[in-house]
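Undergrad: The sequence and its predicted three-dimensional model are supplied below.
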Amino acid sequence: MAATVLAQATQKMDKALHHLEEELTTIRTGRANPTALNKITVEYYGTPTPLNQVANVTAPEARMLLVSPYDRSILGGIEKAIQDANLGFNPTNDGSVIRIAIPALTEERRKEMVKKVKSMGETAKVGVRNARRDANDALKKLDITEDEVKAYQDDVQKLTDTYTKKVDDIVKAKETDVMTV
């Protein structure tokens, strides 16, 4: 029973870590990264559709993204969706593809991005701590002795510390990436 509680806590903490990694892919660094457009949805035949389902997004150069739609009739919609996403991109439509020149980040913008990265890291840590709290509550409800509960809670705390360190490492790596010119 207690092993199940620990396994569930591990699974929840993994989810928090995975979510952080996904969120950080949308943070723009100085280089072109096709995942920066992952959160954009395009109106396609009346249905909001993720950009990566209606177009191929590539990075042919270090500071250029190329969006090649599968259906050229939605070029205008893709261009408008990219502008509306407010990512600081200015797409240019040449009739068959959309090119996005990635502007160099200013020092001020880099610092804003680092704050956002730290905020995302804190959110992930809250998820890890919530998993710890849920596990500790579940352990208290089990029909085991207080000493066993305490031992399992120590295991949960070690797990929490491990995942908190992983979050810190991921955030630190992304901060370094953002601040690198």
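TA: Received, thanks. Numbering: from 1, shown residues only.

Undergrad: Tell me where the model's unsure across this structure.
TA: 30, 181 (pLDDT under 70).

Undergrad: what about the strands in it?
TA: 41-44, 47-50, 55-61, 64-69, 91-93, 98-101 (DSSP state E).

Undergrad: wait, which of those strands is closest to Ala135?
TA: strand 47-50 (33.9 Å; Cβ to Cβ). Glycine gets a C-beta too; all of them are placed from N, C-alpha and C.

Undergrad: who touches the closest one?
TA: 38, 40-43 (Cβ atoms under 8 Å, 6 or more residues apart in numbering).

Undergrad: try 7 Å
TA: With Cβ atoms under 7 Å, 6 or more residues apart in numbering as the test, strand 47-50 has contacts from 41-42.

Undergrad: How about stretch 78-89?
TA: The contact list for stretch 78-89 (Cβ under 7 Å, 6+ apart) reads 28, 36-37, 40-42, 51, 55, 67, 69, 91, 93, 98, 100, 103.

Undergrad: what's the distance between that stretch and the middle of its chain?
TA: Using Cα atoms, centre = their mean, to the nearest Å, the distance from the centre of stretch 78-89 to the centre of the chain it belongs to is 19 Å.

Undergrad: ends of it, how far apart?
TA: Its start and end residues considered, stretch 78-89 measures 13 Å (Cα to Cα, to the nearest Å).

Undergrad: returning to that earlier point: I'd like the strands of the chain written out as TSV, with mean neighbour count and distance to Thr180 added.
TA: Output for these, formatted as TSV (neighbours: other Cβ atoms under 10 Å; distance: least, Cβ to Cβ, whole Å):
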stretch	mean neighbour count	distance to Thr180
strand 41-44	18	30
strand 47-50	12	29
strand 55-61	16	17
strand 64-69	19	19
strand 91-93	15	25
strand 98-101	18	19
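
Undergrad: Quick one: closest of those strands to Leu6.
TA: Minimum separation from Leu6 across these (Cβ to Cβ) falls at strand 47-50, 35.5 Å.

Undergrad: count of residues packed around the nearest residue to Leu142 once chain neighbours are set aside?
TA: Of all residues not flanking Leu142 in the chain, Met1 sits nearest, at 5.4 Å (Cβ to Cβ, 6 or more residues apart in numbering). Residues within reach of Met1, counting by other Cβ atoms under 10 Å, total 11.

Undergrad: ok, back up a step: turn the strands of the chain into CSV, including distance to Ala81.
TA: Converted to CSV, the strands of the chain look like this (distance: least, Cβ to Cβ, whole Å):
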stretch, distance to Ala81
strand 41-44, 5
strand 47-50, 9
strand 55-61, 10
strand 64-69, 10
strand 91-93, 9
strand 98-101, 10
